[in-house]
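Asks: mind looking at a prediction? Sequence and model below.
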Amino acid sequence: MASVLEQLKKATVVVADTGDFNAIKEFHPTDATTNPSLILAASKMDAYSHLIDEAIAYAKANAAGMDKQQVLVCAMDRIFVVFGKEILKIIPGRVSTEVDARLSFDTAASIAKALTLIEQYEKEGIGKERILIKLASTWEGIQAARELESKHGIHCNMTLMFNFEQAVACAEAGVTLISPFVGRIMDWYVKNTDTKTYDRNDDPGVKSVTRIYNYYKKHGHKTQVMAASFRNTEEIKGLVGSDLLTIRLVDFFVISTPTLSFLTKVVYEIRHGLFLFDI
């Protein structure tokens, strides 16, 4: 019997959502996503202490003219880059590196930070085609992505996405991909409505991402959909056929166990694009 993971890989690009790059080797994802909390968790592991030391040494070596806060920011940026560099040694595709969320409402600062991160990657011999810059899907973040994509050829991954309107704005800005938060959408409905449990067919997060995906394909948008922030493996199964799925390490262990076929959606190609249909 094939595992859920093996079946997933036949229908979508599988992405690892973790900073613990040693743990993802056995799952062979195509891409990887990181964020500050994931990097923080990984940085506490003894196996990665040398990367923290490297980042601190880099910041100290470049500290001339900086105050303490600037040195700290320099070290943080370097941590993201050294983890990204190591991840790219394992995966064949791209790694997503996130711009500081505190810059989410500052277009110019977001652009400057993205350019700094790309510059550091390039100094390590890593081309920008292997990097996705993660930006918040605020209006300012979307405008930053528009400029990074159109003027600098830097691919962007729009995160903190919770609704259809954000997705439309990102597509119109020409971003490379979006990461709508499946589980967080469902969390809101659990907290604010009388319904406390959902299956994958009526999960509001799954429905939201399916609507976005179908809209993109119907209207010919090139922006890809990478469903993210899953609360359970049923949500993952409910979005088979999405362009990409970024999956937590804990869920990788669950879906890598051999099981019966689970596909609840098929990708059906018609003349005007790809659509997700229920079986």
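Replies: Yep, that arrived.
Asks: ok, now which ones touch the closest residue to residue 181 other than its chain neighbours?
Replies: Spatial nearest neighbour of residue 181, excluding adjacent residues (Cβ to Cβ, 6 or more residues apart in numbering): residue 229 at 3.9 Å. Glycine gets a C-beta too; all of them are placed from N, C-alpha and C. Counting by Cβ atoms under 8 Å, 6 or more residues apart in numbering, residue 229 makes contact with 179, 181, 182, 183, 184.
Asks: skip the chain neighbours and tell me the closest residue to the fourth one.
Replies: Spelled out, that is residue 183. Leaving aside its sequence neighbours, residue 183 sits nearest to residue 231 (Cβ to Cβ, 6+ apart; 3.5 Å).
Asks: that neighbour in helix, strand or coil?
Replies: On the three-state scheme (DSSP: H, G, I helix; E, B strand; the rest coil), residue 231 is labelled coil.
Asks: now do the contacts for it.
Replies: With contacts defined as Cβ under 8 Å, 6+ apart, the neighbours of residue 231 are 182, 183, 186, 187, 205.
Asks: which one of the residues you listed is nearest residue 157?
Replies: Of all those, residue 182 has the smallest distance to residue 157: 15.4 Å, by Cβ to Cβ.
Asks: for that closest one, which residues are in contact?
Replies: If you count contacts by Cβ under 8 Å, 6+ apart, residue 182 has them with 203, 205, 206, 208, 209, 227, 228, 229, 230, 231, 235, 239.
Asks: ok, now how distant is residue 220 from residue 171?
Replies: Computed as Cβ to Cβ, to the nearest Å, the residue 220 to residue 171 distance reads 10 Å.
Asks: more neighbours: the two, which one.
Replies: Using other Cβ atoms under 10 Å, the more surrounded residue of residue 220 and residue 171 is residue 171, with 21 against 9.
Asks: chain neighbours aside, what residue packs nearest to the more buried one?
Replies: Once flanking residues are discounted, residue 171 sits nearest to residue 221: 4.1 Å by Cβ to Cβ, 6+ apart.
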